[in-house]
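Q: What shape does this take:
(one chain, ligands or ions: 1)
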Amino acid sequence: MVKLLFLAGSKRKESLNKKLALHASKLAADMNVEATFIDLADFDMPILCEDLEAEHGMPENAQKLKQLFNDHDGFFIASPEYNSSFSALLKNSLDWVTRPSPEAEPKWVPFKGKVAAISGVSPGGLGALRGLVPLRMYLGNIGVHVVPTQAAISNGFTAFNEEGALAHEPQIAMFNAVLHDLINTTRKMNA
Ligand code: FNR
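A: Next up, the predicted model:
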């Protein structure tokens, strides 16, 4: 069974993107996937600075996050759009994961050969679409195979039903296609 990690680039309590990542993890679990949802609020990490690293090494939470990426075959990110890019929280978290961690296995970047899908939700009309462009580029540059299918969920405040699932077509179909692409590609790469 393939193992996928689900996370959002927001730690806000009422985050729309956390909602999307959680929804995705539930859909994946119904598709015979070992799905793990994580909240970056539980991995409160300092802003990366090489002085800090030199003095204290990799923070324990960064090691834990790195281990989680290492233990999964792929991942899904629901990414909020901040000024046409992805959030500093997401960048900082992923940057920490790319750092060497002599104290913990694995010793180097756990992203190589992993599969990912990205999507986003925003209250506006573009559904975080513009932030997905730099996120896709960043992930590609650290060795991740990012599937081409993605979903930008607009009008986020009315996009979900009370159970936290997407409520409207065509967003449901668009989002399900992303998950199918992620799961099928991960299965093929792990066959
Ligand atoms: C935003 N927001 C936003 N929305 C958007 O569609 N395009 C944008 O460029 C921006 N820029 C932006 C910058 C900053 C600094 C903040 C804090 C917010 C609004 C954003 O989409 C909205 O707050 C989402 O609800 C954030 O995602 P979560 O926290 O709900 O997952």
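Q: Tell me how far Cys49 lies from the ligand.
A: The gap separating Cys49 from the ligand is 22 Å, by CB to the nearest ligand atom, to the nearest Å. Any C-beta I mention is one placed from the backbone N, CA and C, and that applies to glycine too.
Q: mind listing what that residue touches?
A: For Cys49, the contact set (CB atoms under 8 Å, 6 or more residues apart in numbering) is empty.
Q: 47 is where my numbering starts, stick with that
A: Noted, 47 is the first residue going forward, which turns the last one into Cys95.
Q: any idea how far it is from Ser131?
A: 21 Å (CB to CB, to the nearest Å).
Q: Strands of this protein, residue ranges please.
A: 49-54, 80-83, 120-124, 161-167, 191-192, 197-199 (DSSP state E).
Q: looking at the ones you listed, which is closest to the ligand?
A: strand 49-54 (5.9 Å; CB to the nearest ligand atom).
Q: angle of the closest one against strand 161-167?
A: Angle of strand 49-54 versus strand 161-167, following axes from the mean of the first three to the mean of the last three CA atoms, to 10 degrees, is 30 degrees.
Q: what packs against strand 49-54?
A: When contacts are defined as 3 or more CB pairs under 8 Å, 6 or more residues apart in numbering; DSSP states H and E, strand 49-54 packs onto helix 62-75, strand 80-83, helix 106-117, strand 120-124, helix 217-235.
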